[in-house]
Structures are given as C-alpha cells and as structure tokens.
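Peer 1: Predicted model, plus sequence, below.
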Amino acid sequence: MQPVDWGQAFSIVAGGIVAVFFIMSILAITTHLMGKIFANSAKKKEAAQSGEAKS
Amino acid sequence: MNWFETHEGVMKILGVQVGFGNLDLPHIIMILVGLGFITLAIKKEWEPYELLPIGAGMILANLPLTGLTSQPEPGMAPGMAGVLGIILKYGLYTWTILPQFIFFGIGALTDFSPLIANPKAFLLGAAAQVGIYSSFLGALAVGIFVPEWGFSIKEACSIGIIGGADGPTTIYTTGLLAPDIMGITATAAYSYMAMVAIIQPPIINFLTSKAERSVFMKPMLRPVSKAERILFPIVAMLIIILLIPKSAPLVGFLLLGNLFREAGVVERLSQTAQNELINIITILLMLGIGASMPAEKVMDPRTLLVLFLGLAAFCVGTGAGVFFGKIMSKFSKEPFNPMLGAAGVSAVPMSARIVHHMGQKNNKRNFLLMHAMGPNVAGVIGSAVAGGYFLGLFINF
C-alpha cells in the first residue's frame, strides 16, 4: 500500500466540491434565465393576441 | 480394502465434477447472502428489480465448477467462456457500456420539470454530494490505522461515489477506477437506495426541528413549457460536458434519453428506452454485478469497511443536503422546508417520497412531492458530475 498523499487528497476534495457546486450553480442560473425568456415571450404572445382580439 | 479405496475412481469424479465436493464455507456464505437478497426483494420489495438479479447472479457465481464467470481471453477454446464472464468482461470491465445505457433509460423515464420550475433545487443536488468526498477521505484514512486494509486513491473515489446513491454512476466509476470492488460498491449503492426509508428519517429528524419540518410550501410549481423541457437536456448536456468532459458517458446518455422523451417525435424510441431497453440492460447489469462477487473477492475485512464507508457517505450526503436546505430556508423569500435538502441524494424517487411523507406527518396540509423531485433529479446530475470529476483525474480515454 502506497502512503497517502494528503495534499493531493484534500485538493481532490476541494476541487470536487467546487466543481459540483460551480456546475450546478451555472445550470441553475441558465435554467432560471431560460425560464424568464420563455415566460416573457409567452407574455408578449398573450399581449399581442389580446391586442388583436381588441382591434 | 475399504469402501473408499474400492470406489476411489468414483470419489475422484465426485470431487472433480460434482459441485458438492468443491463447496467450501466462503462460497456457502455468499450463496446465503444471495438468497438473503432475493428474500429482501420478494418479501420486502426492496429494490426488487436490482436486488433479485444481483442475488441470483451472486448465487450462480459462487456455485463451484460451473465456469459461468470464466471471462473470454485470447486463445481460449470456443465455448469455454461463461455467459456471466462475457457480461462482466464486455459489459462492465472492458467496455463498461451497460451503466451508460441504464442512464439512457433513466433519462427517458425522468421528468425534469420540477427542477426546471425551481432551479434553486440544483444547489440542493450539489450539497448532497458532499457525502461522496467525506467517505473518500474516510477510505484513505483507513490506511493510517490499519495499513494492510488501506485503500488506494482510486478505490477511495469508488467508495465515496456510493454516497451519491446512484447505482449506474457507482458501477461506471468503479468499473473504470477499481473494478475489483465494483460488485461491493454497486451492491452497497443499491442496498442503501432500498433502505432510504430507514436511513434518512432519523438524520432528518436529528437535524431539523418540528417547526422546520412543518414549514408549509405551496403545492403547485409553475408550469413548464414543452420548449423548455426540450431545450433543458441540450443546454445542460453542453454545459456539463464542456466543463467536465469525462462525465459525458453518464451525463450525455442521461440527457440524451431525456431529449428522446421530451422531443415528442420519437415516441417509439422513447418508449423502448423506458421499457424494453432498460429492462434488458437491467437484467444484464444486475446479473453481472452479482457475478462480480465470488467469495474470493468478497470474503475480506475490507468489504465491511466499504459497506460502512458507503453508508457513512450516504448519511453525510443526506445531512449536508438538509444543512444546505436550512441555509436556503434562511435566505428564501417564500417559506422553504429544509427537509427538501435530503432529497438531493439521487435515490429517485424514494428520497423525494420520504421527504413528502415526513412533510405530511408534520403538517397535513403539506404536499412536498413535486418540490422534492427537483433536488432529487438534480442529485442524479450532481452524482454523475462527481463521478465524471473523479474519472477526469485518473482516466485518459
């Protein structure tokens, strides 16, 4: 059994936690923005449709 | 001349060709463990689709003289490789394609809408992966106390990944990093997934007050459009794989399966992925996992350590999720039940159901299932990312 390189082990842990949180945060932000864009375009569509109906 | 001397030839044949003459205690124990798994699957219905074939594979692999687990090798005479050996070699050890196809089926079965509707759940899915890294360190620390039982850094990664409570990720990661302990890590992952109802509630109760568990959340999440559901797997796939390319075999197949589901134009392919394909692969994969546990590999004190560290990873993951849920509840504008963090482990949908039941137990008005499904499916992505991160450190495709 080779002796453990604790420096490498802790850097793996720190890197792993940062990587997972970083990627999941980017996914959260992207998904949130995607939702906003779709919600806005849906609102615009609705507004245009109600405008057409009025005219 | 006594009876044995007279029948020496017959006894020799019995010793060589009859299994009973070659059955030893470790193999008997493994056969009993296999029977135990089958009993749990049938009587308790604990992950029956996984534990029943694993138990059956375990029994077959430990019956002597069958040759079922003989793996094909160059120069081997035709017909000498056993069917389980072929599954092990090509499905798990050499090509490792079976877990990826399971992920494809899971993607086709998964509805990401609760996560798309509440993207904050991604963070809970991330927090619950902390257990992976705690057991990674724990596995390495074993060598300090008992050097001969110590784990290598690759084995430590494989043990830690049990904490993601994600069978295919555990199998894929261990298959590439530490194939010798793949059977144990995979069985641990599926067993702990089956025991979510036993493992998680005490941890949740310990870390939260009754008032926190009773927090009421509006049952309805916002509706998610079809376009969002189609775009999500594509965008998520691109982001994750561009950042951690080694997660592609898992994340890519998971989200590809989901794209098939959401696209709505390949209904037959989606249905096949959700049913026939995942069923066939489950049979092959779980039999293979069972067959990867002959007594010679499992009868080792380190096996118990793997099981213990895997359980610790699962518990720490649950705790970290709840703890992060508590932080989120402090900053959330709307009422937020911190128990949702426990659903960040990717035992889908069991963890979400546990949170839902505990929510209803503490506040009858609460209906947390859809809220909990968000972190639950985020956990699947999170554990695949964690697995890809480990692979990126040690494997060069």
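Peer 2: The structure has been received and is ready for your questions.

Peer 1: alpha carbons only for contacts and neighbour counts from here, please
Peer 2: Fine.

Peer 1: low-confidence ranges in the chain?
Peer 2: I'll assume chain A. A:1 (pLDDT under 70).

Peer 1: try chain B instead
Peer 2: Confidence mapping of chain B against pLDDT under 70 gives the ranges B:1-4, B:6, B:11-16, B:397.

Peer 1: Which one of the residues in it is closest to chain A?
Peer 2: Taking Cα to the nearest Cα as the measure, the point where chain B comes nearest chain A is residue B:119, at 4.7 Å.

Peer 1: quick one: contacts for that residue?
Peer 2: A:27-29, A:31-32, B:374 (Cα atoms under 8 Å, 6 or more residues apart in numbering or on different chains).

Peer 1: For ChimeraX, what selects the buried ones among those?
Peer 2: Buried subset of those, written as a ChimeraX selection, criterion 16 or more other Cα atoms under 10 Å in any protein chain shown:
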select /A:27,28,31,32 /B:374
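
Peer 1: among the contacts of residue B:119, which are in helices?
Peer 2: A:27-29, A:31-32, B:374 (DSSP state H).

Peer 1: Would stretch B:288-301 count as contacting chain A?
Peer 2: No - remark: stretch B:288-301 sits outside contact range of chain A, by Cα under 8 Å from any Cα of the partner chain, the gap being at least 15.8 Å.

Peer 1: Give me every residue in chain A lying close to chain B.
Peer 2: A:1-2, A:4, A:9-10, A:13, A:16-17, A:19-21, A:23-25, A:27-29, A:31-32, A:34-35, A:38.

Peer 1: Buried subset of those residues as a PyMOL selection?
Peer 2: To isolate the buried subset of these in PyMOL, counting by 16+ other Cα under 10 Å, use the following:
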select buried, chain A and resi 4+9+13+16+17+19+20+21+23+24+25+27+28+31+32+34+35
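
Peer 1: can you pull the contacts of the spatially closest residue to residue B:250 that is not a sequence neighbour?
Peer 2: Closest residue to residue B:250 apart from its sequence neighbours, by Cα to Cα, 6 or more residues apart in numbering or on different chains: residue B:100 at 5.6 Å. For residue B:100, the contacting residues are B:168, B:172, B:249-250, B:253-254, by Cα under 8 Å, 6+ apart.

Peer 1: in which helix or strand would I find residue B:100?
Peer 2: Using DSSP states H and E, residue B:100 sits in helix B:98-109.

Peer 1: backbone phi and psi for the nearest residue to residue B:241 once chain neighbours are set aside, please?
Peer 2: Nearest non-adjacent residue to residue B:241, counting by Cα to Cα, 6+ apart: residue B:248, 5.5 Å away. Main-chain torsions, residue B:248, degrees, to the nearest 10: phi -60, psi -40.

Peer 1: residue contacts, residue A:17?
Peer 2: B:129-130, B:133.

Peer 1: Can you redo those residues as CSV, where the extra columns are secondary structure?
Peer 2: Listed next are the contacts of residue A:17 as CSV, based on DSSP: H, G, I helix; E, B strand; the rest coil:
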residue, secondary structure
B:129, coil
B:130, helix
B:133, helix
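
Peer 1: ranking those by neighbours, who comes first?
Peer 2: residue B:129 (36 neighbours; other Cα atoms under 10 Å in any protein chain shown).

Peer 1: For the helix or strand hosting residue B:198, C-alpha coordinates in CSV please.
Peer 2: Per DSSP H and E, residue B:198 falls inside helix B:196-207. The C-alpha coordinates for helix B:196-207 follow below in CSV (Å, rounded to 0.1, in the frame of the first residue of the first chain):
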residue,chain,number,x,y,z
VAL,B,196,-33.7,5.1,2.2
ALA,B,197,-36.8,4.9,4.4
ILE,B,198,-34.7,3.6,7.2
ILE,B,199,-31.6,5.7,6.8
GLN,B,200,-32.9,9.2,6.0
PRO,B,201,-35.7,9.9,8.5
PRO,B,202,-33.6,9.7,11.7
ILE,B,203,-31.0,12.0,10.1
ILE,B,204,-33.7,14.5,9.0
ASN,B,205,-35.3,14.4,12.4
PHE,B,206,-32.0,14.9,14.2
LEU,B,207,-31.0,17.9,12.1
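
Peer 1: could you say what helices and strands it packs with?
Peer 2: helix B:301-331, helix B:350-362 (3 or more Cα pairs under 8 Å, 6 or more residues apart in numbering or on different chains; DSSP states H and E).

Peer 1: got CSV for those helices, with mean neighbour count too?
Peer 2: Shown next, in CSV, are these (neighbours: other Cα atoms under 10 Å in any protein chain shown):
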stretch, mean neighbour count
helix B:301-331, 22
helix B:350-362, 22
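
Peer 1: what's the closest of those helices to residue B:233?
Peer 2: Among these, the nearest to residue B:233 by Cα to Cα is helix B:350-362 (21.3 Å).

Peer 1: so the closest one versus helix B:196-207, what angle?
Peer 2: 50 degrees (axes from the mean of the first three to the mean of the last three Cα atoms, to 10 degrees).

Peer 1: by contact count, what packs against helix B:350-362?
Peer 2: Helix B:350-362 packs on helix B:196-207, helix B:210-213, helix B:369-394, going by 3+ Cα pairs under 8 Å, 6+ apart.

Peer 1: Thank you, goodbye.
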